[in-house]
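Enquirer: Any chance you could fold what I've pasted below:
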Amino acid sequence: MAFNFFKKKQAKITKRALSKEYIEFLLEEQKTRELKTWYEKLCKFSEFLKIKPPKSIEEKFKLDIVFSALNVTPTGVFSASILVLLISLMLLLPLFALKLDTPVMLFLSFLPFIAFWYIYTYPSFRSHVVRIQAGDEAIKIILYMVIYLKLNPNFEGAVNFAVSHSKGPITEDIKKAMWDLHIGRYKTVEEALSKYTNKWVWWNEEFVRSISLLYSILLEPTEERRDATLRKALDFILTSTHNKMKSYVEDIKSPITLLHMMGLLLPAIGLIMFPMISIFMAQMVSVPQLVVAYIVFLPLANLFMINRILQKRPGAFMVPDISKHPKLPPENYFELKIGKIRIYIPILILSVLIGLVIMLYGIFHFVELATNLLYPSNEILVIAEERGITCKIPRECVLLMEAKMNVPNILASFSITAGFAAMVIIYFYLNSFQRIKIRNEIKNIESEFQIGLFSIGNYLSEGYPIEVSMQKSLEEYVKLGMEKRPMYFFFQKLFYNIKTFGMTFKRALFDPKEGVAKYYPSVLIEDIMKILSNASEKSSVLLGTISKTIAKYLEDIFTIEARIRDILEETRSSIRLQASFVIPMILGIIGAMGIFILNMLRILAESLSKIQQQFGIVLFKEAGNAFVGFMNYLGIEFTKVVPMTVLQAVVGIYTVEVVTLFTMLLSGIENGFDKVARDWEIARTLAKAILIYGMVNLVALIMFYNVEQTIKVSVG
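Expert: You can find the predicted model right below:
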């Protein structure tokens with residue numbers, strides 16, 4: 001009956017849109033929840049404006065709000081959008097009075113409308129993200145329900161067991177439905193859950209189909225039919241996840257291409273033009289503002305795009321939660337052992353200090369440069385003459401000295417790049433190097449878990465007690481030469497607790513002091529071990545059957561995960577190549593190009609000066625220096641040219657930022673929201689990339705210097 005009722009209900013849902021009454025019901029449900037996010041609080045505050053959106057927009061807002069699980073109203077969202085727009089415009093009015101450059105004014109003019117668009121479209125974006133999160137949550141709910149129903153033919157118990165091990169929007173709805181059931185608002189579980197069926201279909205139709213199959217299991221007469229139904233229910237949801245990841249890979253191709261163009265290719269072309277702009281367009285374009293745009297605004301825009309791409313990623317992989325591991329240092333600290341003493345050192349402070357020490361030479365150089373440019377003195381003329389540079393104006397002398405391809409200038413720009421890179425690398429490395437080993441152990445043991453469960457399950461099914469089954473499984477690992485596998489250590493520690501301390505299977509796992517589970521703080525392992533420990537109190541044969549059943553389900557999940565990794569392989573390889581090699585190579589060449597161009601112009605100017613002297617032709621007045629005179633002749637005010645060492649430092653900083661962002665994208669696509677894996681990947685990739693950047697930049701400088709000397713000799 002329940003199955004037929006649910007199928008009819010589902011058929012109606014797929015044929016019609018959600019009714020207005022149902023949407024209002026869900027909106028009322030969400031209003032009872034506490035305001036948690038900044039967006040909800042902003043919308044609640046903005047409701048005093050009472051700016052109602054047009055009818056068509058209001059209906060769309062309602063749908064987005066329902067499926068985003070936000071506690072807001074259409075009036076609140078629309079009012080907040082208008083309020084943010086007005087406040088942004090008011091804040092910009094004083095800046096308009098300053099009469100800034102046209103490009104800056106144009107950029108600032110767009111900011112209020114960008115803020116408006118963000119607030120206005122947030123419910124729509126959030127509803128899409130929540131839909132994806134619900135898909136990830138649906139896998140866990142169905143898996144836990146299937147495992148529970150394999151042991152106990154009680155649907156309500158399966159629902160309660162599943163929601164106790166899950167979290168997310170579907171879990172919240174189920175908890176509300178079960179509460180309403182217990183207070184007598186509904187008579188059956190089916191009736192309570194059916195109130196949210198329309199909503200879940202929009203989130204994940206396969207989840208609803210799987211639930212409908214699980215309803216019907218209680219009506220199946222044979223064990224074989226029940227097993228087939230359970231497997232079909234899980235297959236529905238796993239196949240759905242696989243298909244969604246395929247769709248995601250297709251969907252992100254365009255955003256990644258756009259990110260590649262807007263975040264890398266066009267900025268790189270801009271950086272190629274940077275030396276030309278700084279030399280030939282110094283009067284028309286504010287180069288300092290371009291510098292700020294490159295190292296601040298452009299990376300922030302890229303970060304926003306990357307977060308949008310990653311938030312829409314289906315969570316197909318289970319991220320290991322290592323926060324409960326007993327040997328883990330506190331968040332944002334790393335552990336330093338000196339004998340038996342443990343010292344916890346703050347990572348951010350240490351990374352900043354090391355970075356500043358490396359940057360010290362460059363900082364002193366650029367402080368001196370800024371002082372000389374702002375407050376030039378005649379002493380600079382003497383220093384310039386000692387370095388073989390003829391000039392009459394101190395500011396010109398400073399810029400000419402900065403354009404020289406010599407060791408002090410190269411060290412100054414390199415120290416800024418190296419220091420900034422070291423700051424980022426050390427921060428991410430120290431945040432992950434003590435955690436990545438634990439994370440990988442958990443990930444490895446999760447991937448091997450089904451093999452270990454099959455192994456021990458076979459012996460338990462033959463009637464061996466738990467300690468004998470454990471010993472035989474360990475012997476099997478030794479025979480196969482797998483003593484170094486994480487699952488071997490897991491069983492070994494478990495067997496040691498049972499044999500040495502006489503612990504039960506349950507206590508050997510979860511004992512506060514000696515329990516194995518605390519060393520493998522995986523949600524998946526903990527949940528499965530709780531199921532097994534409860535079954536161990538009944539009989540070894542039952543425990544063996546359950547072990548093999550869970551192993552089979554896990555095998556299905558990891559098979560889907562392997563397929564998904566294959567789907568992502570092309571995208572991952574492309575981004576990894578860009579982050580670790582292409583980006584640093586291109587930017588390394590660009591960093592050296594500015595000095596080369598400026599020195600080529602200097603050689604040309606000196607050659608023309610000699611021609612003037614030989615033939616008595618006056619092309620330009622030398623103004624104390626042939627190069628400066630030539631630049632003045634071209635209509636270029638040389639004193640406004642950006643120092644080439646500054647340009648190199650900007651390119652270096654931008655390289656570090658772009659590599660970090662692209663690696664963040666790579667890790668997000670590959671591992672989902674796994675912070676430890678992300679930090680480790682950034683530290684490794686950036687260390688390689690910055691070495692490539694430094695080597696390419698140095699080689700390019702040497703090559704350009706040799707070309708310069710060759711040209712100088714040939715025209716001299």
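Enquirer: Now do the SS call for Tyr344.
Expert: Three-state assignment for Tyr344 (DSSP: H, G, I helix; E, B strand; the rest coil): strand.
Enquirer: From Ala683, how far out is it?
Expert: 20 Å (C-beta to C-beta, to the nearest Å). Using the backbone N, CA and C atoms, a C-beta is placed for each residue, glycine as well.
Enquirer: Thr171 too?
Expert: From Thr171 to Ala683 the distance is 35 Å (C-beta to C-beta).
Enquirer: Look at the two and report which has more neighbours.
Expert: Ala683 (22 against 19; other C-beta atoms under 10 Å).
Enquirer: tell me the contacts of the more buried one?
Expert: 425, 428-429, 432-433 (C-beta atoms under 8 Å, 6 or more residues apart in numbering).
Enquirer: Now Val189: closest residue in space, sequence neighbours ignored.
Expert: The spatially closest residue to Val189, leaving aside those adjacent along the chain, is Glu156, at 4.9 Å (C-beta to C-beta, 6 or more residues apart in numbering).
Enquirer: ok, the one you found - how many residues close by?
Expert: 13.
Enquirer: now Leu356
Expert: Count around Leu356 with other C-beta under 10 Å applied: 14.
Enquirer: Leaving out sequence neighbours, find the closest residue to it.
Expert: That would be Gly419: by C-beta to C-beta, 6+ apart, it lies 6.7 Å from Leu356.
Enquirer: wait, what's in contact with that neighbour?
Expert: With C-beta under 8 Å, 6+ apart, Gly419 has these contacts: 355-360, 362.
Enquirer: I'd like the residues you listed laid out as CSV, including distance to Leu108, secondary structure and pLDDT.
Expert: Formatted as CSV, those follow (distance: C-beta to C-beta, whole Å; DSSP: H, G, I helix; E, B strand; the rest coil; pLDDT from 0 to 100):
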residue, distance to Leu108, secondary structure, pLDDT
Gly355, 31, helix, 94
Leu356, 32, helix, 94
Val357, 37, helix, 95
Ile358, 35, helix, 94
Met359, 31, helix, 94
Leu360, 35, helix, 94
Gly362, 31, helix, 91
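Enquirer: Out of those residues, which end up buried?
Expert: Among the contacts of Gly419, the ones that count as buried by 16 or more other C-beta atoms under 10 Å are 355, 358-359, 362.
Enquirer: Tell me how far Glu47 lies from Lys41.
Expert: Glu47 is 11 Å from Lys41, by C-beta to C-beta.
Enquirer: My guess is Leu400 contacts Ala384. True?
Expert: Yes. Between Leu400 and Ala384 there is a contact at 6.8 Å, judged by C-beta atoms under 8 Å.
Enquirer: Am I right that Phe673 is in a helix?
Expert: No. In this structure, Phe673 is coil, not part of a helix, as judged by three-state DSSP.
Enquirer: burial count for it?
Expert: 14.
Enquirer: Next: Ala177.
Expert: By other C-beta under 10 Å, neighbour count at Ala177 equals 21.
Enquirer: Over to the one 3 residues further on?
Expert: Around Asp180 sit 14 other residues, with neighbours defined as other C-beta under 10 Å.
Enquirer: before we move on, the earlier item: sec struct for the residue nearest to Leu356, please.
Expert: helix.
Enquirer: residue ranges with poor pLDDT in the stretch 1-150 of the chain?
Expert: Residue ranges of the stretch 1-150 of the chain with pLDDT under 70: 1-22, 24-33, 95-107, 133, 136.
Enquirer: Tell me where it has helices.
Expert: Along the stretch 1-150 of the chain, counting by DSSP state H, counting those that start in this stretch, helices occupy 2-15, 20-31, 38-46, 55-68, 74-97, 102-151.
Enquirer: Need the contacts of Gly419 in JSON lines (columns: distance to Ser607).
Expert: As requested, the contacts of Gly419 are exported to JSON lines (distance: C-beta to C-beta, whole Å):
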{"residue": "Gly355", "distance to Ser607": "43"}
{"residue": "Leu356", "distance to Ser607": "44"}
{"residue": "Val357", "distance to Ser607": "44"}
{"residue": "Ile358", "distance to Ser607": "40"}
{"residue": "Met359", "distance to Ser607": "38"}
{"residue": "Leu360", "distance to Ser607": "40"}
{"residue": "Gly362", "distance to Ser607": "33"}
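Enquirer: now for the strand or helix carrying Leu381, which elements pack on it?
Expert: Assigned by DSSP states H and E, Leu381 falls within helix 379-386. Helix 379-386 is packed against helix 394-402, with contacts defined by 3 or more C-beta pairs under 8 Å, 6 or more residues apart in numbering; DSSP states H and E.
Enquirer: Just the angle for the helix it packs on relative to helix 379-386, thanks.
Expert: Per axes from the mean of the first three to the mean of the last three C-alpha atoms, to 10 degrees, the angle that helix 394-402 makes with helix 379-386 is 40 degrees.
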